[in-house]
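> I need the structure of the sequence given here:
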Amino acid sequence: MPVYEAPPVVEPLRSPPNRGNFRVISIASRASLPKTKVGRLACAALALCVPFATSAETLADAIASAYDRNPQLVQQRYLQKARDEGYVQARSQYGPNRSVQTQGQYTHTSPAGFLASQGTSQQTTVSVSQPLYTSGRIRGQVAAAKAGVLGGRESLRQTEQQVIQDVIQVYAGVLRDEARVEIGRENVTVLEGQLRQNAKRNQYGDVTLTDVQQSDARLAAAQIQLAQLEANLAVSRAQYLQVVGHNPGNLEPLPQLGTLPPTIDDAFILADQNNPSLKIAEFTEAQSSANAAATRGEQGPTISLSGEGIYRNNGLFRIGGSNAQREAVAGFTITQSIFSGGAIQSRIRGADARNRADQAGIDVARRQALESVTNAWVNLSSARVAVSTGQRQVESAQAAFAGMSCEELNGLRSTIETLNAEEELQAAQLSLLQSRYNVYVSHAALLAATGELSAQQIADGITAYDPEANFKHVRFSGLTIFELIASGVDRIGSAAPRGPRSKDLSGANVPHPENPGALAASPDRELMNRHLTPIRRSQLKLPNGDTARCPLNDIRGR
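Numbering: from 1, shown residues only. Next up is the predicted model:
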């Protein structure tokens, strides 16, 4: 049995630098350029015909595209504008209500035995009403609408964070699945070579037909796996289109994300202050508290001023004349409910119950926010460990596979041992890619749980959408001095929109989750984006510490 001699070290294959989607035509030297006029014209035409290299897309580009055009974000922005108008509508109830009504009539009378008669008439009525006091009903409705506006802003921020997380997931998912497909193709190529090698060695009696069939079975499994990896990549690309708004092109490596809190206790504090789901629950409770105050106002009186001006005349659209009549009516109205069969008290109890439910909802949201922080924290820590140890696993598996392949050629290893070593190497590479993906996604999830994830954090060139700008634009639309007077009077003796919270529902005494410990050390960006060495380029580790290449999948000469 001849002994294999390791050749000199050969560096792993490296991917060529990204030059877009077109081949770059280089010219060796200026001396090689045509000297004739025709030649120079030909070169100029060639330069015009060769497309410029396209630039790769970055994560910031993808986030900017989604931030501008993602339909979920666009939908939430318009819903927020509708909430702004709800505040205007609630506030406008304090103002005067004016209306004009004109009626025209045609009368034809034909009594039995007499001559018929006919005629026309008109009546125009101008009505004005102004509420003075509503026992806090409108006050509560305005406060509820304001809480709805503030809660809507948090819903918009939550949607923005979710869209950014989705962009990060699909962007990282496409990069991961592209690398996984390359590994799958490399795996198929290696197994095809091993099958050819064992078939040739079987002819010389080095291996049996069983070894050939083992290689063929492993190749078939690899081809099935490759088809699934390609399908997963197609799904990831479709998800990218759905979130970002266009198909992914050539994607740049993932950049660093924002800085994380130094400890998990700091993360809990940030979540208590900034988590959008928790803020939504707080504003939802404030809205139901204001609605309960408005319902209490139904027990008290309402006072309003009213006035009418009426003009009547015979004939349509006729002004003046002996038949014209003018009438003016002014007065005030006081309404006080005396008996409602318990309906008002029932509505008050129902509003209070809903507010208590929303108070409990704050604690529910707080516990969920703290759980999200804990989950993201431990997932990120474990994923970081998986990247660091996974890289070592890949390197060791590559050395083991290279050694197995050489030892198989020298009769020291069986075919199935080499096949198993190759399978372990491929599994380690796929696992490392998934761990890198998990690190990035968990990092984004932790930022989102603490309320610190934003589009401007990654794509600093984005102009942030300001929901408050529209509110400022419409807030005082149609405002009159009467509204200011009526809103001030309505505070007299009315229930405050912000009622007291129940101590047993506040959740203030609920502790933070147990501290799971510090985050594992973050792998550097070079390790996160390092290209994996192809299986065919796996290197031996020699006893003296050097590395060498074995001619894998080559037919041993006879």
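> And the strands in this protein, which stretches?
97-109, 117-133, 302-314, 325-335, 539-541, 547-549 (DSSP state E).
> ranges for the helices of the stretch 201-350 of the chain?
209-244, 264-274, 276-296, 343-409 (DSSP state H, counting those that start in this stretch).
> right, and those - which one's nearest G451?
Nearest to G451 among these is helix 264-274 (2.8 Å), distances taken as Cβ to Cβ. C-beta here means a position set from N, CA and C on the backbone, and glycine is covered the same way.
> Burial-wise, tell me which of the strands of the chain comes out on top.
strand 539-541 (a mean of 20; mean count of other Cβ atoms under 10 Å).
> need the contact list for P301.
133, 135, 334-336 (Cβ atoms under 8 Å, 6 or more residues apart in numbering).
> And Q158, by the same measure?
With the criterion set at Cβ under 8 Å, 6+ apart, Q158 makes contact with 276-277, 280.
> Can you lay out those as CSV showing distance to N515, neighbour count and pLDDT?
Formatted as CSV, those follow (distance: Cβ to Cβ, whole Å; neighbours: other Cβ atoms under 10 Å; pLDDT from 0 to 100):
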residue, distance to N515, neighbour count, pLDDT
P276, 24, 24, 96
S277, 22, 21, 96
I280, 27, 21, 97
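> picking that back up, any chance of the strands of the chain in JSON lines, plus mean pLDDT and distance to A520?
JSON lines is the format used below for the strands of the chain (pLDDT from 0 to 100; distance: least, Cβ to Cβ, whole Å):
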{"stretch": "strand 97-109", "mean pLDDT": "82", "distance to A520": "65"}
{"stretch": "strand 117-133", "mean pLDDT": "85", "distance to A520": "63"}
{"stretch": "strand 302-314", "mean pLDDT": "89", "distance to A520": "65"}
{"stretch": "strand 325-335", "mean pLDDT": "90", "distance to A520": "68"}
{"stretch": "strand 539-541", "mean pLDDT": "79", "distance to A520": "27"}
{"stretch": "strand 547-549", "mean pLDDT": "67", "distance to A520": "29"}
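> can you count the residues close to T389?
Neighbourhood size, T389 [other Cβ atoms under 10 Å]: 12.
> Adding distance to V489 as columns, could you present the helices of the stretch 201-350 of the chain in TSV?
Shown next, in TSV, are those (distance: least, Cβ to Cβ, whole Å):
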stretch	distance to V489
helix 209-244	52
helix 264-274	37
helix 276-296	16
helix 343-409	22
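> center of this protein - which residue?
V163 (1.5 Å; Cα atoms, centre = their mean).
> What's the separation between that residue and R218?
Going from V163 to R218 by Cβ to Cβ, to the nearest Å gives 43 Å.
> And F268, by the same measure?
F268 is 49 Å from R218, by Cβ to Cβ.
> quick revisit: which one of the helices of the stretch 201-350 of the chain is the most hemmed in?
helix 276-296 (a mean of 23).
> how big is the angle separating it from helix 343-409?
Helix 276-296 runs at 170 degrees relative to helix 343-409, counting by axes from the mean of the first three to the mean of the last three Cα atoms, to 10 degrees.
> and helix 276-296, what other elements does it pack with?
helix 137-203, helix 343-409 (3 or more Cβ pairs under 8 Å, 6 or more residues apart in numbering; DSSP states H and E).
> what distance separates it from the centre of its chain?
Offset of helix 276-296 from its chain centre (Cα atoms, centre = their mean, to the nearest Å): 25 Å.
> Then stretch 77-88?
The answer for stretch 77-88 is 22 Å, by Cα atoms, centre = their mean.
> what is the mean pLDDT for that stretch?
Averaged across stretch 77-88, the pLDDT comes to 96.
> Quick check: which of the strands of the chain is nearest to L241?
Per Cβ to Cβ, nearest to L241 of those: strand 539-541, 39.5 Å.
> ok, that closest one: who's next to it in the sheet?
In the sheet, strand 539-541 lines up against strand 547-549 (antiparallel) (DSSP bridges).
> Look up how far A227 lies from E192.
From E192 to A227 the distance is 15 Å (Cβ to Cβ).
> let me fix that: G205
35 Å.
> now do N323
In terms of Cβ to Cβ, N323 sits 93 Å off from A227.
> what's near enough to touch L447?
257-258, 260, 453, 457.
> nearest to Q299, of the contacts of P301?
Using Cβ to Cβ, the contacts of P301 come closest to Q299 at S135, 7.0 Å.
> what sits against the nearest residue to the closest one once chain neighbours are set aside?
Leaving aside its sequence neighbours, S135 sits nearest to G300 (Cβ to Cβ, 6 or more residues apart in numbering; 2.8 Å). Residues near G300 by Cβ under 8 Å, 6+ apart: 135-136, 336, 493-494.
> helices and strands of this protein: which one bottoms out on pLDDT?
helix 37-49 (a mean of 44; mean pLDDT, DSSP states H and E).
> isn't L532 right up against A179?
Yes. Between L532 and A179 there is a contact under Cβ atoms under 8 Å: 7.0 Å.
> list residues touching both of these two?
With Cβ under 8 Å, 6+ apart, L532 and A179 have common neighbours L433.
> Identify the residue nearest L233 in space, chain neighbours excluded?
Per Cβ to Cβ, 6+ apart, closest to L233 is D177, 4.0 Å.
> Please tell me which one of the contacts of G300 counts the most neighbours.
G136 (26 neighbours).
> and it, how far is that from A486?
From G136 to A486 the distance is 12 Å (Cβ to Cβ).
> And E371, by the same measure?
Taking Cβ to Cβ, one finds E371 at 46 Å from A486.
> Same question for D84.
Taking Cβ to Cβ, one finds D84 at 21 Å from A486.
> Between its first and last residues, how far does stretch 406-417 reach?
12 Å (Cα to Cα, to the nearest Å).
> who's in contact with V364?
With the criterion set at Cβ under 8 Å, 6+ apart, V364 makes contact with A281.
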